[in-house]
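*Asks:* Have a look at this prediction, sequence included:
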Amino acid sequence: MRIKLAKNIGFCFGVKRALSLTLKALKENPGKTIYTLGPLIHNPPVVRDLQKRGVKVITSAAYAGRGIFVIPSHGLAPAVVGAARKRGAKILDATCPYVLRSQKIASGLAADNYHVIIVGEKFHPEIKGIIGRIGRAGTVVNRAADLRRSLPYRKKIGVIAQTTESLSRFRDIVAVLLGKSSELKVCNTLCVHTLDRQKEAVDLAGKVCAMIVVGGRNSANTRRLFELCRKKVPAFHIESAGELGRGTRVLSALRKVLKRGDRGCGPHQRSGVGVVSGTSTPDVSIRELVEKIRDPRCRRQHCEGCA
Ligand code: SF4
């Protein structure tokens, strides 16, 4: 298979930072339990590896003990952190600086009496962390259509977005909000690293016959990449290279698409398969995938993507 690899792949800076702080804490505190509320990052294979090294994933801060409680890159609500502190845990804050910025902007808007619209997924931990700071001063919105029906006219509205939200959805919702308020303050809290990946994924999807998106199914930014790619070409979302093993459903579907591609698929003579990854996907997962699907005649040591 001809592979075209995206340039921006592997962990983003916020995920790298959260992982290295956690690994450092494990090393420097032998005998102490490291707790994370839910997965530290949205990538099951990486989380399984952390668990093997001694990280304990808990479902409520009430289960934290006298160890170290890690705030993940997507942040947590203050009440949750407070509950872990009450249980005697030491807090290790690995919140990504971009998420911290969103939290501060949301709190500032609420303090200035703006009603804060947060464009994103209601049950995503990042959004819960923001709502946990501003309570009833905030409303989470996922689709412009919901907003048209449900939001009453307000004098002052501030709008922010989940860091991994797509630019187009943010723009659509801002457009609707213009008709809902006399004073609208738009704060762009989209993460530049996710925007770069989204742009690259869309560009790449325009040149290939199929796209493979590698990342956790619970990863919001990976799902976003998948949504964007499949609007352009057949796309496959996988968590690890194992899902493309011999005889798997995904592999046979991919082969079918590429067979058509051998004859030049689509009006612009696209070719090959594009590979992009979410921000919590390790480089090793991409390498394994490339090894699995690349043309066996290719002699390159490290795949840079076929021209
Ligand atoms: S995607 Fe952006 S906001 Fe999220 S952890 Fe990575 S750098 Fe931070």
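*Replies:* On my side now, so go ahead.

*Asks:* The stretch 51-200 of the chain against the ligand: which residues are in contact?
*Replies:* For the stretch 51-200 of the chain, the contact set with the ligand under CB under 6 Å from any ligand atom comprises S73, C96, Y98, V99, T163, T164, C191, H193, T194. C-betas here are computed from N, CA, C, even on glycine.

*Asks:* what sits against the closest residue to A83 other than its chain neighbours?
*Replies:* Spatial nearest neighbour of A83, excluding adjacent residues (CB to CB, 6 or more residues apart in numbering): A61 at 3.9 Å. Contacts for A61 (CB atoms under 8 Å, 6 or more residues apart in numbering) come out as L37, F69, V80, V81, A83, A84, R87.

*Asks:* one more time with 6 Å
*Replies:* A61 is in contact with L37, V80, A83, A84, counting by CB atoms under 6 Å, 6 or more residues apart in numbering.

*Asks:* who does the helix or strand where L228 lies touch, helix- and strand-wise?
*Replies:* L228 belongs to helix 220-230 when assigned by DSSP states H and E. Under the contact criterion of 3 or more CB pairs under 6 Å, 6 or more residues apart in numbering; DSSP states H and E, helix 220-230 touches helix 192-205, strand 210-214, strand 235-238.

*Asks:* What's the biggest strand in this protein, counting residues?
*Replies:* The single longest strand within the chain, with elements called by DSSP state E, is strand 154-161.

*Asks:* And the contacts of the helix or strand just after that strand?
*Replies:* Next helix or strand after strand 154-161 toward the C-terminus (DSSP H and E): helix 167-177. With CB under 6 Å, 6+ apart as the test, helix 167-177 has contacts from V119, V141, A144, L147, R148, I157, V159, A161, L184, V186.

*Asks:* okay, now the third one: neighbour count?
*Replies:* By the measure other CB atoms under 10 Å, the count of residues near A144 is 16.

*Asks:* lowest confidence element among the helices and strands of this protein?
*Replies:* Across the helices and strands of the chain, mean confidence by mean pLDDT, DSSP states H and E is lowest for helix 249-262: a mean of 76.

*Asks:* what angle do it and strand 210-214 make?
*Replies:* Angle between the axes of helix 249-262 and strand 210-214 is 150 degrees (criterion: axes from the mean of the first three to the mean of the last three CA atoms, to 10 degrees).

*Asks:* buried sites along stretch 159-175?
*Replies:* Of all the residues in stretch 159-175, those buried under the rule 16 or more other CB atoms under 10 Å are 159-166, 169-170, 172-174.

*Asks:* Rounded mean pLDDT for that stretch, please.
*Replies:* For stretch 159-175, the mean pLDDT works out to 95.

*Asks:* now do the same end-to-end measure for it.
*Replies:* 11 Å (CA to CA, to the nearest Å).

*Asks:* element containing I91, please.
*Replies:* Per DSSP H and E: I91 is located in strand 90-93.

*Asks:* and the closest residue to the ligand within the stretch 1-150 of the chain, what does it touch?
*Replies:* Closest contact between the stretch 1-150 of the chain and the ligand, by CB to the nearest ligand atom, is at G14 (2.5 Å). Counting by CB under 6 Å, 6+ apart, G14 touches S73, C96.

*Asks:* is it true that it lies in a helix?
*Replies:* Yes. G14 forms part of a helix when assessed by DSSP: H, G, I helix; E, B strand; the rest coil.

*Asks:* now the angle between helix 249-262 and the helix or strand where L289 lies, please.
*Replies:* According to DSSP H and E, L289 maps onto helix 283-293. Put simply, helix 283-293 runs at 60 degrees to helix 249-262, going by the same axes, to 10 degrees.

*Asks:* Could you tell me how many residues sit around the residue nearest to I131 when sequence neighbours are not counted?
*Replies:* With sequence-adjacent residues excluded and distances taken as CB to CB, 6+ apart, I131 is closest to G138, at 5.3 Å. For G138, the neighbour count with other CB under 10 Å is 22.

*Asks:* Need phi/psi at G138.
*Replies:* The phi and psi torsions at G138 (degrees, to the nearest 10) take the values phi -120, psi 150.

*Asks:* was I right about it contacting I117?
*Replies:* No. Using CB atoms under 6 Å, G138 is not in contact with I117, being 7.6 Å away.
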